[in-house]
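# Quick check, what structure comes out for this input:
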Amino acid sequence: MKRLLASRNARLYLSGQVFSLFGDVALWLAMGIWVKELTGSSGEAGLTFFFFGLATLLAPLAGLIVDRVRRRPLLIAANLTGAVIVLGLLGVHDRRQVWLIWLVMFLYGTVYAFLSSAQSALLVTMLHEDQLADANGFLQTAREGLRLVGPLTGAGLFAAFGGATVAIMDSATFVIAAAALSLVHLTEEKPVPTEQHWFAEVTAGVTHLWRTIVLRQFVVAVAIACLVFGMFESIAFAVVGQGLHRPPTFLGVVIAVQGIGAVVGGVLSARLIKRFGEGPVGGIGLVAAAVGSVLLLVGGLPAVFAGAIVLGASLPPIIVAFMTSLQRRTPMELQGRTSSAADTLTSVPQTISIAVGAILVSIVDYRYLLAAIAVVVLLAAVYLLTRREQWERLPLAAAVPVLGEAVLELASDSELFAPGGSAATFESLGESVSPGETTETTEMG
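The predicted structure follows:
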């Protein structure tokens, strides 16, 4: 971690990401609150996040584009596009424009599909594989840690000045992220397109996930959990309103408390992965998520706060372990498509569960829904933890076969490992294989 922060390029990139993440978490809650206040419906507030998730259906196309262009210019363009899109919220004045909030959230999700896969691919280009867990852990810690202030800031700005102010702030953070990326010293060679049929090109990420047994198992476990995770978007409003008898803005306090647990989980994720491996850490994270759900249904402020902390601590290990396993076991030329495929296979069930949750929260006691979440997530954890392959450790030297070369320009500093842009040269991590081959080289951990 110290080597990352010692690099000028790393500091530029990470600082830009921190600003961008702050804008994301502030806007996210404010949009739900906005719809809740305009409509009075927890279900319609939950649909705000459904439309964001719906955009993940475009992720396979985004992944193909990511693997066909230079990643840094694409990230800059995506950030600037996001800055323009979010300003569409300035047109919302009353309940009749709720559709505009949903449209902006859909377009926001489309931009995020490009940002997610491009950033993942860029990290693999920039980092040696033994730094991937650190980088993923840092970004996840930053994202979750910002829950301590971001949601409260978003909710506070919304309460004081309205949603337009939150939109302008988020737009500015997109611009800051783009500016930081533009200052990073990096030269990338444009990827060379293959002669495969377009369908094979688009589905190459899914094919790789299916043929790599460790990734297939991980995706299945996370997808099972995501079948119910999306319900939290609507249930959260019910927990605050029906359970705690507080106004919708109090959700910002609960999310801030969740951020405390998320910071702890984010800080520990990389260390745990290096010691036990990605699979076991992801499984333990799922178990913790089930425990957090049970605590939320107990009721009362202490139990809700405890559940929020445990739930917050559970998410970084799941996400960091999943992303690190994906990055380490995917060839360079498939990074964008594999990341997008994983996003689609996990986000689609989550999006469906958001819609289901928005309907059920109005007709079923939210505590029953929390109990169902706990059971399903625990089943996902048991499945992942009982797979023998997840307990096998992948040697660093054999982790990521690099197909193609990324040429990095040597600039003012000499750090090798820096997310988002490092002034260094990149060394191949293994022998090249064809996209159809699995990358499973394991030894018992």
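# show me what contacts Val310?
Neighbouring residues of Val310 by C-beta atoms under 8 Å, 6 or more residues apart in numbering: Gly261, Ala288, Val291, Gly292, Leu295. Placement of C-beta: from N, CA and C, glycine included.
# Which residues are in contact with the first one?
The contact partners of Gly261, taken as C-beta under 8 Å, 6+ apart, are Ala308, Ile309, Val310, Leu311, Gly312, Ala313, Ser314.
# Distance from stretch 282-291 to the middle of the chain?
Chain-centre distance of stretch 282-291: 17 Å, with C-alpha atoms, centre = their mean, to the nearest Å.
# which other residues reach that stretch?
218, 221-222, 225, 229, 265, 272, 310-311, 313-318, 321-322, 325, 373-375, 377-378, 380-381, 384-385, 390.
# One more: stretch 98-105?
So stretch 98-105 is contacted by 31, 34-35, 38-39, 44, 47-49, 51-52, 85-86, 88-89, 91-92, 163 (C-beta under 8 Å, 6+ apart).
# what does stretch 241-258 give?
29, 32-33, 36-37, 42, 45, 144, 147-149, 151-152, 154-156, 158-159, 236-237, 239-240, 299, 301, 304-305, 308-309, 311-312, 366.
# Just the buried ones out of the contacts of Val310, please.
Buried by 16 or more other C-beta atoms under 10 Å: Gly261, Ala288, Val291, Gly292, Leu295, out of the contacts of Val310.
# Single out whichever of those has the smallest pLDDT.
pLDDT across the buried ones among the contacts of Val310 is lowest for Gly261, at 88.
# nearest residue to that residue other than its sequence neighbours?
Spatial nearest neighbour of Gly261, excluding adjacent residues (C-beta to C-beta, 6 or more residues apart in numbering): Gly312 at 3.2 Å.
# Contacts only, for the one you found.
Gly312 neighbours (C-beta under 8 Å, 6+ apart): Glu144, Arg147, Val257, Gln258, Gly259, Ile260, Gly261, Ala262, Gly265, Gly292.
# Tell me where the model's unsure across this protein.
1-8, 124, 126-132, 144, 147-148, 187-200, 202, 395-445 (pLDDT under 70).
# top helix in it by residue count?
Determined from DSSP state H, the single longest helix within the chain is helix 8-39.
# Go through that one and flag the buried ones.
8-14, 16-38.
# swap in stretch 240-253?
For stretch 240-253, a neighbour-count test (16+ other C-beta under 10 Å) marks Val240, Gly241, Gln242, Gly243, Leu244, Arg246, Pro248, Thr249, Leu251, Gly252, Val253 as buried.
# host element of the last one?
Remark: Val253 resides in helix 251-276, with elements defined by DSSP states H and E.
# Just confirm Thr48 contacts Leu29, I think it does.
No: taking C-beta atoms under 8 Å as the definition, Thr48 is not a contact partner of Leu29, at 10.0 Å.
# Show me which pair in the buried residues of stretch 240-253 is furthest apart.
By the measure C-beta to C-beta, Gln242 and Gly252 form the most distant pair in these, at 17.5 Å.
# hang on, the earlier thing: ok but the residue nearest to Gly261 is inside a strand, no?
No: the assignment for Gly312, made by DSSP: H, G, I helix; E, B strand; the rest coil, is helix rather than a strand.
# measure it to Gly145 for me?
Separation of Gly312 from Gly145 (C-beta to C-beta, to the nearest Å) stands at 10 Å.
# Also Ser117?
Distance, Ser117 to Gly145, by C-beta to C-beta: 23 Å.
# who's more crowded, the two?
The residue with more neighbours, out of Ser117 and Gly145, is Ser117; 30 against 22, by other C-beta atoms under 10 Å.
# Let me see the contact set for the more buried one.
Ser117 is in contact with Ala59, Ala62, Gly63, Val66, Gln335, Gly336, Arg337, Ser339, Ser340, Asp343, counting by C-beta under 8 Å, 6+ apart.
# from the chain's centre, how far out does the strand or helix carrying the fifth one sit?
For Gln335, the host element (DSSP H and E) is helix 335-360. Centre-to-centre, helix 335-360 and its host chain are 11 Å apart (C-alpha atoms, centre = their mean).
# Can you name the next helix or strand after that helix?
Sequence-wise, the next helix or strand beyond helix 335-360 is helix 366-385, with elements assigned using DSSP H and E.
# contacts for that next one?
For helix 366-385, the external contacting residues (C-beta under 8 Å, 6+ apart) are 217-218, 220-222, 224-225, 227-229, 231-232, 235, 238-239, 242-243, 279-280, 282-284, 286-287, 289-291, 293-294, 296-297, 299, 357, 360-361, 390.
# and stretch 289-296, how far from the chain's centre?
That offset, for stretch 289-296, works out to 21 Å (C-alpha atoms, centre = their mean).
# Likewise for stretch 292-299?
Centroid separation between stretch 292-299 and its chain, computed with C-alpha atoms, centre = their mean, is 24 Å.
# Quick check: buried residues in the helix holding Gln335?
Going by 16+ other C-beta under 10 Å, helix 335-360 has these buried residues: 335-358, 360.
# before we move on, back to that, and the helix holding Val253, which residues are buried?
In helix 251-276, the ones that count as buried by 16+ other C-beta under 10 Å are 251-270, 272-273, 276.
# hey, where'd the strands end up in this structure?
Using DSSP state E, the strands of the chain run over 392-393, 443-444.
# and the first one, which strands flank it?
Right, the one you point to is strand 392-393. Here strand 392-393 has these sheet partners by DSSP bridges: strand 443-444 (antiparallel).
# Give the PyMOL command for selecting the buried subset of the contacts of stretch 98-105.
Entered in PyMOL, the line below selects the buried ones among the contacts of stretch 98-105, by 16+ other C-beta under 10 Å:
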select buried, resi 31+34+35+38+44+47+48+49+51+52+85+86+88+89+92+163
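# In helices, which of the contacts of stretch 98-105 appear?
31, 34-35, 38-39, 44, 47-49, 51-52, 85, 163.
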